[in-house]
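Peer 1: curious how this folds, go ahead:
(one chain, ligands or ions: 2)
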Amino acid sequence: MLLPILQIHSEDMPPYAIVCGDPKRAGHIAERLEDARELAFSREYRTFTGTYKGLKLAVVSHGVGSPGAAVCFEELVRAGVKTLIRVGTAGSYSAEHPAGSLVVSTAAVRADGLTRQLVPEGFPAVGDSEVITALYDAASVMDGVTAKGITVTLDAFFTGVEEIPHKKYKQAGALAVEMEIAALYVVSTLRGVRAGAIVAIDGYADADLAEVYDPHTDAVGAAVEREIAAALEAMVNLAAKDESVAP
Ligand SMILES: O=P(O)(O)O[C@H]1O[C@H](CO)[C@@H](O)[C@H]1O
Ligand SMILES: O=c1cc[nH]c(=O)[nH]1
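Peer 2: Ligands and ions are numbered 1, 2, ... in the order given. The predicted structure follows:
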């Protein structure tokens, strides 16, 4: 079956996929694979397949924002993907997690519009505990700060006249803010697949973010390299476990 938006054939998709916002980052991740092959670059969705430590996996970009990302997640699930890991960037709510840190998202605050059209208010956006543990275990043995906790998914990146309640999210214990994890966790729960997410912190999230936002520093670049390595390692470990429990 040809997936109409990603423009890939479902038969070409392995059950394991790493997803990220930026098509360029997808290309960068694919450089770590053996026999990497670009299957399609349709809209913001760039798809590669390849092999890492013997595991066949896909790398796909989902663009910025939950509605477009959800289209990607839905089509990947239709193609037979069963495990999804998002490798992203996010703004931090804590001085303990400055730019260059990593955060593994256990669950996401649904401060987006998309998931309201999928599930009722109060329905949680939670990651899969096995995927989260695999990501945290792989990332926390690397150099640098790695934390695990709740993240916030927003639609707005630049602010308008409405205030985004960053202070309340922070007081309530959220660690970081980005734009797609709630969609990933709701879609994966709805469709019965597993998902997890890891983000590289690129600064502090608050009302002045647009003034200081710079995701292209050396510290952020190094954190992105670490999270890519962690995601690949986590996927290989998850697949090895799947194989050991297969009937
Ligand atoms: O780096 P990615 O994966 O795109 O993630 C973050 O960066 C984008 C904002 O610049 C949003 O997509 C946000 O979720
Ligand atoms: O959505 C995002 C992504 C990166 N950094 C932020 O502060 N917000």
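
Peer 1: so where's this protein uncertain?
Peer 2: 207-211 (pLDDT under 70).

Peer 1: residue closest to the middle of it?
Peer 2: Nearest to the centroid of the C-alpha atoms of the chain, with distances taken as C-alpha atoms, centre = their mean, sits Arg86, at 2.0 Å.

Peer 1: secondary structure element holding that residue?
Peer 2: Using DSSP states H and E, Arg86 sits in strand 83-92.

Peer 1: in CSV, could you pull the C-alpha coordinates for that strand?
Peer 2: Written as CSV, here are the backbone C-alpha positions of strand 83-92 (Å, rounded to 0.1, in the frame of the first residue of the first chain):
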residue,chain,number,x,y,z
THR,A,83,7.6,1.2,18.2
LEU,A,84,8.2,4.9,17.8
ILE,A,85,10.9,7.1,19.4
ARG,A,86,10.9,10.8,19.0
VAL,A,87,14.2,12.6,19.0
GLY,A,88,13.5,16.3,19.5
THR,A,89,14.5,19.6,21.0
ALA,A,90,12.7,21.5,23.8
GLY,A,91,12.9,24.5,26.1
SER,A,92,13.7,23.9,29.8
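
Peer 1: kindly report the residues of the chain close to ligand 2.
Peer 2: Applying C-beta under 6 Å from any ligand atom, one finds that the chain approaches ligand 2 through 89-91, 157, 177-179, 202, 205, 209. In short, each C-beta sits where N, CA and C put it, glycine included.

Peer 1: residues contacting stretch 104-116, please?
Peer 2: Contact partners of stretch 104-116, identified using C-beta atoms under 8 Å, 6 or more residues apart in numbering, comprise 66-67, 70, 123-127, 132, 135-136, 139, 146-155, 164, 169, 174, 176, 179, 181-183, 185-186, 196-199.

Peer 1: can you flag the buried ones in those residues?
Peer 2: Taking 16 or more other C-beta atoms under 10 Å as the criterion, what is buried in the contacts of stretch 104-116 is 66, 70, 125-127, 132, 135-136, 139, 146-154, 164, 169, 174, 176, 179, 181-183, 185-186, 196-199.

Peer 1: for the residue nearest to the centre of the chain, name its beta-bridge partners.
Peer 2: Beta-bridge pairing of Arg86 under DSSP bridges involves Val19, Ala197.

Peer 1: next up, the contacts around it.
Peer 2: Applying C-beta under 8 Å, 6+ apart, the residues near Arg86 are 18-20, 62, 180-181, 184, 195-199.

Peer 1: keep only the residues you listed that also lie close to ligand 1.
Peer 2: Contacts with ligand 1 within those, counted by C-beta under 6 Å from any ligand atom: 20, 180.

Peer 1: ranges for the helices of this protein?
Peer 2: 23-30, 66-78, 129-140, 166-171, 181-191, 209-212, 218-245 (DSSP state H).

Peer 1: how much space separates Glu130 from ligand 2?
Peer 2: 26 Å (C-beta to the nearest ligand atom, to the nearest Å).
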